[in-house]
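Asks: structure for this input, please:
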Amino acid sequence: MPPPRSLFGDSFICRSCLSALRKRTPSAQWPLRHSSSQASQPLASARPSGLSPEQEAERQKTLETLGLLKGGKGSKLSVKYFEEEKRGGLRRLRDEDEFNRSLLGLDDQSESRLKELEEQLEQATQFTKIVEDIWGKQGAEKLRKRVTSQDESSTPSLLLPEDDWPPQERSHISELNNIIRTIGKKYRGGAPNLGRINSIWKYYTAARLALCNRPELVHADIWDLLWQNLTADHEHNPNRMSHAHILAKDMQKAGVTLRGDQQLLAIEAAFINGFKDDAITAYKKLVTTLGAEPDTFMDFWKLGLRMYCIMGDLARAERVINTILESPYEKDPRFLFPFIRMCASKTGMAEKGYELYRRLRSDLGDSITIEDYDQVISYFLLSNETEFALHIFTEMMTSRPSADLYGTYMLPPTVANPFFFGKWLKRLIGAGDLQGAHNVVLHMRSKGVRPHAIHANVLIGAWLRSGTAGNIQKAEDVGWAMINSRMQFVNIRKDMQGLSKHVRLRQYGDGWPRANLETFSLLAENYKDRGIHSKMEQLWAAFSQAEIPPNSFMLNQLLFSYLQDGQGKHVAALCRDLTNQYRVEPDPWTFMALWQALTVNRLIQVPLGQLPEEISQARSLFAEMVRSAHIFANGIEIHLARFILHSFRKLDDRIGLLLAYRALRLIFKFTPTDFVVLELRVGSMDLERTAKGKAGLRLVHAGKQVERYLKGKHEELIASGQLGPGDEFPADTRSEELGNFLELFLERQVSDLRIENTDQSLREIAMEMGLHGETPDSATTPE
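Replies: Now for the predicted structure:
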């Protein structure tokens, strides 16, 4: 029986202890237990009561002499620790650690238990980190809450057990476990990329039959993990709805209860994948559950509205809208978008859709965005209801209702002008809505507003760039309509020259703008790229009658069209006639067409009897190019320079090749690349094909010769002190030396001709090539 409680509180002292305390009256009261921090403090205590100032000064002096004063210079105190045993005796403790254990009251068994708890805590920390790596912090917190509410025997497994499956299924289960680990290590709960999602789906489809047959081995958390990744609403998951449809069916087959959001996504996925009747049936069964719960109310009825609008069920869609409007929950007026789209697409319902838009705009107020306007406008343009789309666009541009425009045929001047419609066209074409832009152009013409040629050309260019047959045909129709408008204008201008000044002829037609040079250029480039030379000739004939001076771009399209049609022999004469007639200055692409039109570049082999004539044509073309050197102020393109050099090489005109190369370097700022040097060194335009053939050894030898030459030049620079021993070959110096190597090689080829008077031949051919006999000095031949 415990002793009676004390009147002063819950603590008590027994009689035997009191008697023992009375027998022991120590001379000094030493504390048996105190913390090490307290024990290590100096013994300079506060001033004792009852001492005079003189006595206190003497006391402080004594403490300072003994080194016991706080802040003194004496040595540190040596503290001894004692513990009172049960019998009343004192036992000295070995050190401070033993004192701390005694202070906490830990015996050997308790200390062992404490170590076990520390190990368990460390294991739990590592387990939590693994869970966060695989599931993310939110998933880990969710799992932690679930575990605390379950028994220890029902702790979930993060991975599938691999030993409980039939042998033929274990490999699929193992691969699925591996991909789950990979997701956790790499993405830590984030959204995987497209390749990773495809890998998850690949391994899941391989193991899904086994998972459905043995659902007791698959914990619900595994299904949640698969659902979280395979149905993620992310740009890297384009097959989200297909994944959701199949995964939801498997989970239901395995007896997993789907959450509310999972059921809604499963219904939407079934509807999108073509199982509309099944989706509607499942949706109706959840009206009293998900359709009444506050958490899923809005999502449930919005899903129903979208499905009924797609099916065209107007009555049910209106009932859903009324249910949402009458609900006490907060709602976004943008839920009306699907219904507005359905009304705009149905015949005779566009006006109702427009009225709903007005209600939507009123409810949103200042929170309506440009994207909201664009969305509604696209609904009406897609249904060819351009009148309502114009009213909405006018409201967007003017920030005021446009009820005064509704039902009016004549538009006000602020709207009925090509600049206002041009802004709309620019916005639609930039968004890729080419059909909507076409409808706007047609609506402009119906309202008596002629679009500007620049706007029509932008639409034609967008149609042609799309590459579809329908859009290309529309581009041609609009383009030729604009050409006809231009022809009519030219004819009227000619007829007015013989009439009185008071007589004015007015152009008639369908309201298309007059074609300009850009219109012809767009069609010409398209005909050239498609290789339709017959239409190119028709276009050029119309261009000649349109009285529009051509530019080099139009000229180049015509020349390349002749080349593609196999009529390269007419290119030089055609170019000469057109440049003389229209005073068109050629550009680099013009010379590219002329060099490609040479016989040596069109035929596999030039007849021997035609070689002198072809050499003369190549030299004359180069002379013409030298006269137009100002158009190459920024340097010549490597493709054109390569074509020129190989043309002289094919003709075996070694002197012309040398002079052309020198002129390209000095006049046209050409710097040859390694590939060009090797091509001219081995005499081939296809190094890859040469390397595979018999000339492969020759290519290897040429490459080594180039490397040896550059290495020697590098060593010379180091020996002369221009470069340090460890310095690399500067890029500009290397390019210059590479060009010198090619020139030395070409000079050696000229010297192999054994011409009696080489200098005289060089001057004569230089004059023929337009170089006026000025040739660079010869260099030494490389070894």
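Asks: SS state for Arg91?
Replies: Classification of Arg91 by DSSP: H, G, I helix; E, B strand; the rest coil places it in strand.
Asks: which residue ranges form the strands in this structure?
Replies: 82-84, 90-92 (DSSP state E).
Asks: between these, which one is closest to Lys346.
Replies: With Cβ to Cβ as the criterion, Lys346 lies closest to strand 82-84 of the strands of the chain, at 94.9 Å. No exception for glycine: its C-beta is placed from N, CA and C like everyone else's.
Asks: what residues of that closest one count as buried?
Replies: Neighbour-count burial for strand 82-84 flags Phe82 (criterion: 16 or more other Cβ atoms under 10 Å).
Asks: now swap in stretch 365-378 and tell me
Replies: 368, 372-374, 376-378.
Asks: please state the offset of it from the chain centre?
Replies: Counting by Cα atoms, centre = their mean, to the nearest Å, stretch 365-378 is centred 26 Å from the centre of its parent chain.
Asks: please apply the same query to stretch 252-260.
Replies: 37 Å.
Asks: give me the residues contacting it.
Replies: With Cβ atoms under 8 Å, 6 or more residues apart in numbering as the test, stretch 252-260 has contacts from 211-212, 215, 218, 220, 223, 248, 251, 266, 290, 293, 295-296.
Asks: and those, which of them are in helices?
Replies: 211-212, 220, 223, 248, 251, 266 (DSSP state H).
Asks: could I have the buried ones of those as PyMOL selection syntax?
Replies: Buried residues among the ones in helices among the contacts of stretch 252-260 (16+ other Cβ under 10 Å), as a PyMOL selection:
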select buried, resi 211+223+248+251+266
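Asks: next, the contact list for the residue nearest to Leu746 when sequence neighbours are not counted, please.
Replies: Leaving out its chain neighbours, the residue that sits closest to Leu746 by Cβ to Cβ, 6 or more residues apart in numbering is Leu658, at 4.4 Å. Residues in contact with Leu658 (Cβ under 8 Å, 6+ apart) are 743, 746-747, 749-750, 762.
Asks: give me the buried entries from the residues you listed.
Replies: Among the contacts of Leu658, the ones that count as buried (16+ other Cβ under 10 Å) are 743, 746-747, 749-750, 762.
Asks: so where is the stretch 551-700 of the chain shaky, pLDDT-wise?
Replies: The stretch 551-700 of the chain contains no residues with pLDDT under 70.
Asks: please redo it, this time with the cut-off set to 80
Replies: 693-695 (pLDDT under 80).
Asks: the chain now?
Replies: Short version for the chain, where the test is pLDDT under 80: 1-159, 163-164, 182-193, 398-414, 494-511, 693-695, 772-783.
Asks: so which of the strands of the chain comes closest to Ala207?
Replies: Closest to Ala207 of the strands of the chain is strand 82-84 (Cβ to Cβ; 64.6 Å).
Asks: nearest to Ala350, out of the strands of the chain?
Replies: The closest of those to Ala350 is strand 82-84. By Cβ to Cβ, the value is 96.5 Å.
Asks: tell me which stretches of the stretch 251-400 of the chain form helices.
Replies: 260-272, 276-285, 297-311, 314-326, 337-345, 350-364, 370-382, 386-398 (DSSP state H, counting those that start in this stretch).
Asks: any idea which of these is most buried?
Replies: Of all the helices of the stretch 251-400 of the chain, helix 337-345 has the most neighbours on average by mean count of other Cβ atoms under 10 Å, namely a mean of 22.
Asks: what is that one packed up against?
Replies: If contacts are counted by 3 or more Cβ pairs under 8 Å, 6 or more residues apart in numbering; DSSP states H and E, helix 337-345 sits against helix 297-311, helix 314-326, helix 350-364, helix 370-382.
Asks: mind putting those helices into TSV with distance to Ser199?
Replies: TSV is the format used below for the helices and strands packed on helix 337-345 (distance: least, Cβ to Cβ, whole Å):
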stretch	distance to Ser199
helix 297-311	30
helix 314-326	40
helix 350-364	43
helix 370-382	35
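Asks: figure out which of those helices is closest to Ala515.
Replies: Closest to Ala515 of those, according to Cβ to Cβ: helix 370-382, at 26.0 Å.
Asks: for the contacts of Leu658, which one is nearest Asn601?
Replies: Nearest to Asn601 among the contacts of Leu658 is Leu746, at 20.0 Å by Cβ to Cβ.
Asks: what residues are up against the closest one?
Replies: By Cβ under 8 Å, 6+ apart, Leu746 lies in contact with 654, 657-658, 661, 680.
Asks: nearest to Leu286, of these?
Replies: Among these, and counting by Cβ to Cβ, the member closest to Leu286 is Leu680, at 77.6 Å.
Asks: so the closest one touches Leu742, yeah?
Replies: Yes: the criterion here is Cβ atoms under 8 Å, and Leu680 meets it with Leu742 at 6.3 Å.
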